[in-house]
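Visitor: Sequence and computational prediction follow.
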Amino acid sequence: MTSSIAPGSAEPDMALIGELLEDISRNAPAIQARKLLVEHYISVGWLDAARDNVKELQKHAPRDGDVTAWANLLSKKPVPEEESSPKDEQTTKKKHATPHVKLPANLEHAKGDLTHGYKNLQRKAKSLLTDLLHLQHLQKKQGYPASNNVSKLKAITEGETVEVRPPGSARSVAKKVQEEPGNAFNIIIADLEDMMKWLRSPRGKHEGADNDTVREALVKRVQSLESALTGNHKLYPEVALMHIEHESLGKTYVNEETMLGDTIAEISRDNFWVTEDNYAWDMEELAQAITANGGIMRNPLSRQMFTTKDIRGIVSHPAGKKLAALQVEQHELSKGIRAETITQMEKLGKVLLDDQTSDALPSRHAVDEFLAYCATCESSSSPFHKSLKVS
């Protein structure tokens with residue numbers, strides 16, 4: 001163990017940080033794990049986080065040499081000045097004296113002005129946010145890096161005040177989800193958003209990680225959350241990451257516009273969805289297109305069949321529930337195989353028997369369509385989106 005690490009000399013290892021936080025939450029006070037965490041925080045320059053953990057160590061191991069060394073290293077001691085004459089000291093005191101602040105006579109009127117001014121700021125931020133989303137779309141088209149100010153403007157428009165803190169353990173998030181299962185998705189997406197903000201402003205300054213580094217750290221966080229969560233909640237972290245990539249990380253997609261010509265950036269969170277072929281969709285538009293195509297689960301733009309995973313997500317989404325036209329009551333299923341299934345199997349069998357092509361392309365397409373039908377049946381009663389409430 002050493003305390004002579006140069007602050008800011010390394011890159012943050014989010015996997016290590018996550019493991020150490022997990023160990024601390026399970027085996028408090030976990031002195032050795034916390035010491036390793038302090039050492040890593042100092043090495044990457046996250047001094048505020050290091051100070052918080054040193055304070056905890058001082059409670060449990062006040063005589064530890066490393067703890068004492070870190071406390072001295074991180075203490076904000078004034079730099080000693082050269083001896084000066086009393087006259088110089090008086091001049092310095094006058095120069096640095098705090099000016100007297102006179103409060104307004106009518107505080108209520110001042111509060112009203114402040115509230116009115118903030119509302120004006122929010123209105124201007126909303127207008128700027130719309131312009132910035134269009135600018136971001138043009139930047140993507142021209143290959144320029146997109147602006148990172150979207151999340152900041154959103155915070156102003158929504159009246160958010162965020163205190164940037166190091167992320168807690170994945171287990172603590174899972175515990176909160178268990179306590180509030182109806183708010184599970186919002187809890188998880190808030191956790192990923194907080195981690196993103198912390199990575200970008202680790203010391204209260206906008207000098208943190210770039211989009212690629214943030215995404216890499218968020219992917220690891222998603223994996224940790226999926227391991228800690230149970231049941232259908234395991235599906236939420238991946239969906240939350242999909243929204244954050246769209247809203248804050250400048251991800252690009254195969255298509256730049258929706259089927260009705262709107263920009264991808266303008267799709268609301270409630271309707272936004274990305275399929276495995278990296279097409280971004282307005283779910284209401286996609287549901288209408290699939291319905292017009294007879295309910296066949298085919299990508300309207302590429303004309304390729306959607307994967308089983310995509311079909312389950314589409315049919316489970318609130319905007320895609322009407323596509324689950326084949327869902328029936330449980331007592332009806334007990335009567336035997338539904339007639340539509342027999343029809344689909346006959347259609348598949350006919351194509352397989354008639355196909356004499358060398359590449360068997362008609363057979364493969366027929367199999368894809370039949371698997372898509374089966375996936376629709378499986379997804380018709382999926383509980384995933386019943387508790388997926390986005391904000």
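Guide: On my side now, so go ahead. Residues are numbered from 1 along each chain as shown.

Visitor: C-alpha from now on. contacts and neighbour counts both.
Guide: Fine.

Visitor: State the number of residues packed around Glu238.
Guide: 17 (other CA atoms under 10 Å).

Visitor: and it, what does it touch?
Guide: Neighbouring residues of Glu238 by CA atoms under 8 Å, 6 or more residues apart in numbering: Val222.

Visitor: 10 Å - rerun?
Guide: Shown in contact with Glu238 (CA atoms under 10 Å, 6 or more residues apart in numbering): 188-189, 218-219, 222-223, 225-226.

Visitor: Glu346 too?
Guide: Counting by CA under 10 Å, 6+ apart, Glu346 touches 340, 352.

Visitor: Domain ranges for this structure, per the record?
Guide: 14-74, 122-161, 166-251, 267-391 (automatic domain parsing).

Visitor: Kindly reformat these as a markdown table containing mean pLDDT and distance to Thr258.
Guide: Shown next, in a markdown table, are the domains of the chain (pLDDT from 0 to 100; distance: least, CA to CA, whole Å):
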| stretch | mean pLDDT | distance to Thr258 |
| --- | --- | --- |
| domain 14-74 | 82 | 35 |
| domain 122-161 | 65 | 13 |
| domain 166-251 | 85 | 14 |
| domain 267-391 | 77 | 6 |
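
Visitor: List just the one of these that sits closest to Met259.
Guide: Proximity to Met259 (CA to CA) singles out domain 267-391 among the domains of the chain, at 7.0 Å.

Visitor: picking up where we left off before, just the ones in helices from the contacts of Glu238, please.
Guide: Judged by DSSP state H, these include 188-189, 218-219, 222-223, 225-226 as members of helices.

Visitor: after the one helix or strand Lys59 maps to, next one along is what?
Guide: In the assignment (DSSP states H and E), Lys59 maps to helix 47-60. Toward the C-terminus, helix 47-60 is succeeded by helix 65-74 as the next helix or strand (DSSP H and E).

Visitor: Pull out the buried residues from that following helix.
Guide: Within helix 65-74, the residues scored as buried using 16 or more other CA atoms under 10 Å are 66-68, 70-71.

Visitor: State the distance from Lys59 to Leu47.
Guide: 19 Å (CA to CA, to the nearest Å).

Visitor: what do you get for Glu238?
Guide: As judged by CA to CA, Glu238 and Leu47 stand 31 Å apart.

Visitor: what's in contact with stretch 67-76?
Guide: For stretch 67-76, the surrounding residues in contact (CA under 10 Å, 6+ apart) are 2-4, 35, 38-39, 42, 47-48, 50-51, 53-58, 61-62, 65-66.

Visitor: which stretches of the stretch 251-391 of the chain form strands?
Guide: Taking DSSP state E, counting those that start in this stretch as the test, the strands found in the stretch 251-391 of the chain are 272-274, 280-282.

Visitor: Please list the outside residues in contact with the last one.
Guide: In this structure, residues lying in contact with strand 280-282 by CA under 10 Å, 6+ apart are 246, 252-260, 262, 264-275, 286-287, 319.

Visitor: Look at Asn271 and say how many residues are nearby.
Guide: 16.

Visitor: my bad, Leu21
Guide: Neighbour tally, Leu21, other CA under 10 Å: 23.

Visitor: circling back to that earlier point, got a PyMOL select line for the buried ones in the contacts of stretch 67-76?
Guide: Selection of the buried residues among these in PyMOL, burial being defined by 16+ other CA under 10 Å:
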select buried, resi 3+35+38+39+42+47+48+50+51+53+54+57+61+66
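
Visitor: ok, back up a step: in helices, which of the contacts of strand 280-282 appear?
Guide: Within the contacts of strand 280-282, residues falling in helices by DSSP H are 246, 286-287.

Visitor: would JSON lines of those with neighbour count and distance to Ala30 be doable?
Guide: Formatted as JSON lines, the ones in helices among the contacts of strand 280-282 follow (neighbours: other CA atoms under 10 Å; distance: CA to CA, whole Å):
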{"residue": "His246", "neighbour count": "20", "distance to Ala30": "38"}
{"residue": "Leu286", "neighbour count": "21", "distance to Ala30": "51"}
{"residue": "Ala287", "neighbour count": "22", "distance to Ala30": "52"}
